[in-house]
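Provided below for reference: sequence and predicted model.
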Amino acid sequence: MRVQLLARPDHSVFLYRELESQGVDVSYYTFHAFREGSLANWLLPNRKTVPAPARTATLFTLLDYPVARFGQRFGLNTRPAETWLAERTLRPPGLATTDLVHYWPFYFAPLVRRLMRERDIATLADYYEAEPSFANALYREAYRRAGLPFERPYNELIDQNEAFSFERNFVVPSRLTADSYRKRFRDSVIHVVPYGLMGKQIVGQPPPRPRRRWVFVGRVCLEKGIDILLTAMRQLTDCTLDLIGGVPASQDRYLRERAKGLSGVRFLGHMANVDVLARLPEYDAFVMPSLCDSYSIATIEAVCAGLPVVVTDNCGVESAVREHGLGATCATGDADALAAAMRMVSDELREDALREAHRRFESAEHAAPYATRMLQLYRSLTTA
């Protein structure tokens, strides 16, 4: 079986490496990254890199960077321009001999649609964010409560659901994401393949009780439920909270006003991922109060640091937290429920119970890691 992976260099880099390590005949074509050891990598060493056997869309990458930056600087919608560039410059080699194409629809949907007209081939569209109208309904209500304007969101600047007009098979990382699409596209086959540990190991040790030093990592904004978290912190007066991540300019004043009187709360701003990983062992517990998170790699990174975690039931990773006992879950948007979950993790969750939860999670991931689960799906699609 020959697999073609057409993707952004997000979790796809890990998937590509793992599929190769299992002996799968996989080709990888991506963009916004350069191949390790290439001239472009040498000239722009701070850009994302991918393994040398991968193919990169250098022309699209070089053209799209200034287009996207221009739009960000002047507040313009450049998404249609990006899709126009993608249709004309993304040319992955080897499609004629591929048995299955696993692709990211935003950039590759037109290409795959043309391919499906030309030959009978197995295809799989990968959606790693929740359905836009589902997510935006939650966000819009949060902005209303805050008294802030909810401008046209980024994920609705183009039709991100184009692939549902021709594709049958989809893969998503969580039940939450699957349910958000099933509400609108009832005839599509949506497979759930959780990211799991993404090849990481749990190297940290569970901190002893009581656990007082909490941390959040991500975009510090209403969408992540930060206003609800700040409300919950008023019930946890013996705890501290560090918020690591950038704050949108339009929300900065509002969130800092909400934090007034909370002496244990600090806004630490954006940090590079390597610095975040180095700091995580300094904390006792991690919280992700998001209104809608398709999975949450940040939560997995906290688990790998040995921390217990608290997540809302609108976090895709919630099922792993609940099933394995990695911390606690709570109702989305409920400050009292969030405070209660954090209090339980702070005072009641035993170190031996958390250590056993980590062992179970690692054991399950070792038995069937993410790439193995994807490979099983590939085989079912190519033999159907």
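Structure received. Numbering: from 1, shown residues only.

my guess is Gly261 is in a strand, correct?
No - using DSSP: H, G, I helix; E, B strand; the rest coil, the assignment for Gly261 is coil, not a strand.

burial of it, as a residue count?
7 (other CB atoms under 10 Å). In short, each C-beta sits where N, CA and C put it, glycine included.

ok, the nearest residue to it once chain neighbours are set aside - how many residues close by?
The shortest distance from Gly261 to any non-neighbouring residue, by CB to CB, 6 or more residues apart in numbering, is to Arg234 (7.9 Å). Residues near Arg234, counting by other CB under 10 Å, number 13.

the helices in the stretch 1-150 of the chain, which residues?
With helices called from DSSP state H, counting those that start in this stretch, the stretch 1-150 of the chain shows them at 11-21, 39-43, 58-74, 79-89, 105-118, 132-146.

where does the stretch 151-300 of the chain have low pLDDT?
For the stretch 151-300 of the chain, the stretches flagged by pLDDT under 70 are 154-155, 157.

and for the chain, the residue most distant from the center?
In terms of distance from the mean C-alpha position of the chain, Glu118 ranks first, at 33.1 Å (CA atoms, centre = their mean).

residue contacts, that one?
Residues near Glu118 by CB atoms under 8 Å, 6 or more residues apart in numbering: none.

can you give the domain ranges for the protein?
Listed by automatic domain parsing, the domain ranges of the chain are 2-196+369-382, 213-363.

what about the strands in the stretch 151-300 of the chain?
Ranges of strands in the stretch 151-300 of the chain, per DSSP state E, counting those that start in this stretch, are 169-172, 189-192, 213-217, 240-244, 265-269, 285-288.

will you turn these into a markdown table that also has mean neighbour count and distance to His11?
Listed next are the strands of the stretch 151-300 of the chain as a markdown table, based on neighbours: other CB atoms under 10 Å; distance: least, CB to CB, whole Å:
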| stretch | mean neighbour count | distance to His11 |
| --- | --- | --- |
| strand 169-172 | 23 | 11 |
| strand 189-192 | 16 | 15 |
| strand 213-217 | 23 | 17 |
| strand 240-244 | 20 | 21 |
| strand 265-269 | 16 | 25 |
| strand 285-288 | 26 | 17 |
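
those into a markdown table, with extra columns for distance to Lys200?
Shown next, in a markdown table, are these (distance: least, CB to CB, whole Å):
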| stretch | distance to Lys200 |
| --- | --- |
| strand 169-172 | 20 |
| strand 189-192 | 20 |
| strand 213-217 | 15 |
| strand 240-244 | 19 |
| strand 265-269 | 23 |
| strand 285-288 | 14 |
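
Tyr16 is nearest to which of these?
When these are compared by CB to CB, strand 169-172 sits nearest Tyr16, at 15.1 Å.
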